[in-house]
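> Would you be able to build a 3D model of this:
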Amino acid sequence: MANERKTEIITRQHFEQFLDQIEIEEQRSDNPKIDKLLKSASKKGNGKGYPEFLITYKTNPDLIIVIECKADIRKHESEDRDKYSEFAVDGALLYASYLSKGFDVLAIAISGETKRELKVSHFLHLKGEKKATSIFGDKLLSADDYLKGYLRSPEKFRQDYNTLLDFTRELNDKLHTYKILESQRSLLISSILIALENDAFKRSYASHKKPENLADALVKTVSDELESANITGKKLKNLNIQFSFIKTDTSLSKKDKVLKEIIDEIDENINQFIKTHRYFDVLGQLYIEFLRYANSDKGLGIVLTPPHITELFADLAQVNKNSIAYDNCTGTGGFLISAMKKMIVDAKGDETKIKEIKSKQLIGVEYQAHIFALAVSNMYIHQDGKTNIMNGSCFDEEIIKEVKAKKPTVGFLNPPYKSNKKTDTDELEFILNNLDCLVDGGTCVAIVPMQSALATKGKVYELKKKLLEKHTLEAVLSMPDELFFNSKVGVVSCIMVFTAHKPHPKNKETFFGYYKDDGFVKRKGKGRIDAYGKWEVLDKEENLIGGIKYKWLSNFINRKNEAGFSVNKQVTADMEWAAEAYMETDYSKLDDRDFEDTVLEYVTFLHGNRLFNKSQNHEG
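Okay, here's the model as predicted:
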């Protein structure tokens with residue numbers, strides 16, 4: 001006869017190894033919050049219910065592990081997961097659904113009477129979410145692995161990021177009330193994050209009696225921190241100028257407790273996010289959010305690449321621990337941070353190599369002084385890399401010489417998009433500039449307006465011709481139409497991938513991808529987000545194993561021809577560089593609904609543009 005006690009003994013013995021990190025409760029809980037949430041969680045629907053084990057962390061009260069055991073592996077999971085008292089998975093998920101009203105819950109279902117036959121399933125049900133998602137695989141892990149996996153999971157990141165955005169909106173409203181300029185808000189945040197890295201400042205900032213003394217201490221701490229990080233001379237002077245407004249701003253330096261409260265909130269909300277989710281362009285995203293709610297954002301002058309695309313760039317370029325990355329239009333440093341993340345993972349814990357990556361293998365140039373300050377701050381917050389960020393024009397001969405001396409192997413850029421076609425530098429000129437600085441055979445990945453790829457005459461055509469004369473066009477990927485929705489920019493874009501200093505062979509086929517659906521959707525107040533987790537699927541070691549990103553990279557790396565998605569084609573400068581021009585239609589995916597939707601869209605277009613009557617008259 002099956003004996004569930006055996007399953008419980010195996011489970012208990014496993015988790016008792018980690019009592020320095022966790023507390024284990026069986027069949028009950030002394031925590032009144034847990035007790036209250038489980039008061040109607042009976043598996044039989046008649047009142048209070050308790051799982052076999054409830055596990056809490058001593059350092060992280062937000063997470064609860066709930067475990068349900070069954071002796072018979074045939075009683076592991078029912079088809080519809082609705083037989084709560086009979087099956088382990090069903091019961092664990094039931095308890096998680098109740099506890100998730102107050103906690104993040106890791107539900108573990110365990111069945112079997114021996115370690116050899118043990119069957120294990122894991123599900124993460126985050127606080128306030130409607131359902132749980134599968135996570136961790138089919139083996140019991142250490143308490144530390146569970147905690148780290150939970151904190152780094154895509155689901156937890158989405159939850160934390162949404163919370164961060166909610167806080168950013170509240171903070172933005174507060175800074176607006178204090179009349180702090182939109183262009184200075186991210187600088188204020190970055191200065192506080194840098195200062196909080198200083199233990200003495202973190203301990204003492206609340207003790208300042210006068211707001212002007214706190215403002216002075218903040219600016220001085222930032223300057224000292226940057227100087228100790230080998231930022232000196234003109235570069236340090238320029239950064240000090242950017243942060244100096246804090247000492248003269250009326251609200252920050254004159255009003256009692258305003259600056260202190262802002263520091264408190266940033267430490268609690270933003271600093272904690274950075275510690276949990278490393279190598280993420282936090283300041284860039286804050287900058288975007290502040291611009292989304294600004295009245296005069298057009299004048300602030302930057303379009304930032306979404307984080308999932310900056311990470312895609314590092315994958316397209318196949319960045320590794322020996323890469324030297326260069327961004328000649330650095331912005332807030334998003335591409336370099338994503339490259340750093342991938343390089344450090346590849347270093348596999350080699351601290352000497354990681355130090356070299358941060359200090360020597362990340363190079364950037366940014367023209368705008370206040371954005372340069374954000375880039376340096378961002379790199380500082382992510383522990384180094386800031387000493388190789390230069391303030392100036394990437395077309396300056398001295399800067400080009402300095403960059404070339406560092407021998408970059410991969411180039412990334414999202415160049416400034418032209419507002420004036422006659423006077424502004426063309427986007428393709430920035431690509432040529434980046435390629436010029438790379439070593440022979442280096443890889444350049446750029447995101448530019450689609451019109452640059454479609455031009456078949458004029459100045460842009462000449463630049464396309466120049467690119468093919470000097471470099472190889474490996475791929476062009478058509479991006480989602482509303483990729484830059486969060487930056488309030490409606491430009492349709494594409495990614496171009498080049499190999500440096502190898503003229504494009506005449507018989508070379510370029511890969512074209514119709515990468516229009518990244519799974520992101522628009523949400524009121526949150527912008528364009530991966531609400532359904534479609535973009536990427538990671539295993540517990542954070543390796544990419546599925547999702548839209550997986551398919552994009554697979555087709556690109558293997559140069560797959562797939563109807564309706566990708567195609568390889570020989571092209572010249574006077575041809576359109578876009579998948580749409582050469583791709584076959586996948587008719588197998590078309591149905592009556594597609595025809596109906598197209599007709600409805602056309603009728604809506606005619607009506608919205610007052611062309612309906614004209615169309616009828618024309619056809620008559």
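
> Check the protein for its longest helix and report it.
Criterion DSSP state H: the longest helix present in the chain is helix 154-177.

> helices or strands next to that helix in the packing?
Counting contacts by 3 or more Cβ pairs under 8 Å, 6 or more residues apart in numbering; DSSP states H and E, helix 154-177 packs against helix 182-195, helix 258-266, helix 272-276, helix 282-292, strand 527-529. Every residue, glycine included, has its C-beta placed from N, CA and C.

> Now render those as TSV, adding distance to N433 and mean neighbour count.
Output for those, formatted as TSV (distance: least, Cβ to Cβ, whole Å; neighbours: other Cβ atoms under 10 Å):
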stretch	distance to N433	mean neighbour count
helix 182-195	26	23
helix 258-266	36	19
helix 272-276	32	14
helix 282-292	22	25
strand 527-529	30	19
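
> For the stretch 451-600 of the chain, just list every one of the helices.
Taking DSSP state H, counting those that start in this stretch, the helices of the stretch 451-600 of the chain run over residues 458-470, 548-558, 592-608.

> Quick one: closest of those helices to G349.
Closest of these to G349 is helix 548-558, at 24.9 Å (criterion: Cβ to Cβ).

> how far does the closest one sit from the chain's center?
18 Å (Cα atoms, centre = their mean, to the nearest Å).

> what mean pLDDT does it have?
Averaged across helix 548-558, the pLDDT comes to 96.

> what comes up buried for that helix?
The neighbour-count check on helix 548-558 (16 or more other Cβ atoms under 10 Å) flags I548, K549, K551, W552, L553, N555, F556 as buried.

> Out of the residues you listed, flag the one nearest to F511.
For the buried residues of helix 548-558, the nearest to F511 is F556 (6.3 Å; Cβ to Cβ).

> dump the residue contacts of that closest one.
With contacts defined as Cβ atoms under 8 Å, 6 or more residues apart in numbering, F556 is in contact with L316, A475, L477, F511, G513, S566.

> Tell me what the fourth one is bridged to.
Read that as F511. Per DSSP bridges, the residues bridged to F511 are A475, N568.

> looking at it, it is touching R559, isn't it?
Yes. With contact defined as Cβ atoms under 8 Å, F511 reaches R559; the gap is 5.0 Å.

> tell me, what's touching these two both at once?
N568.

> Compare neighbour counts for the two and give me the winner.
Taking neighbours as other Cβ atoms under 10 Å, F511 and R559 compare with F511 leading, 22 against 15.

> I'd like to know how far the residue positioned nearest the centre of the chain sits from R5.
Closest residue to the average C-alpha location of the chain: P307 at 3.7 Å, with Cα atoms, centre = their mean. Separation of P307 from R5 (Cβ to Cβ, to the nearest Å): 48 Å.

> Report the residue spans of the stretch 501-620 of the chain with pLDDT below the cut-off.
Counting by pLDDT under 70, the stretch 501-620 of the chain contains low-confidence residues at 540-541, 585-591, 594-595, 597-598, 601-620.

> Kindly recompute the last result at 50.
615, 618-620 (pLDDT under 50).

> how about low-confidence regions in the stretch 1-150 of the chain?
Checking the stretch 1-150 of the chain against pLDDT under 50 turns up nothing.

> Mind doing that once more with 80?
1-2, 28, 30, 35, 39-50 (pLDDT under 80).

> quick one on the thing from earlier: quick check, nearest of the contacts of F556 to T409?
T409 has its nearest neighbour among the contacts of F556 in L316, at 13.9 Å by Cβ to Cβ.

> Show the backbone phi and psi for the nearest residue to that closest one once chain neighbours are set aside.
Nearest in space to L316, with sequence neighbours left out and distances taken as Cβ to Cβ, 6 or more residues apart in numbering, is V445 at 5.2 Å. The phi and psi torsions at V445 (degrees, to the nearest 10) take the values phi -120, psi 120.

> wait, V445 sits on I431?
No. V445 lies out of contact with I431 (Cβ under 8 Å); the separation is 9.7 Å.

> Alright, that wraps it up for me.
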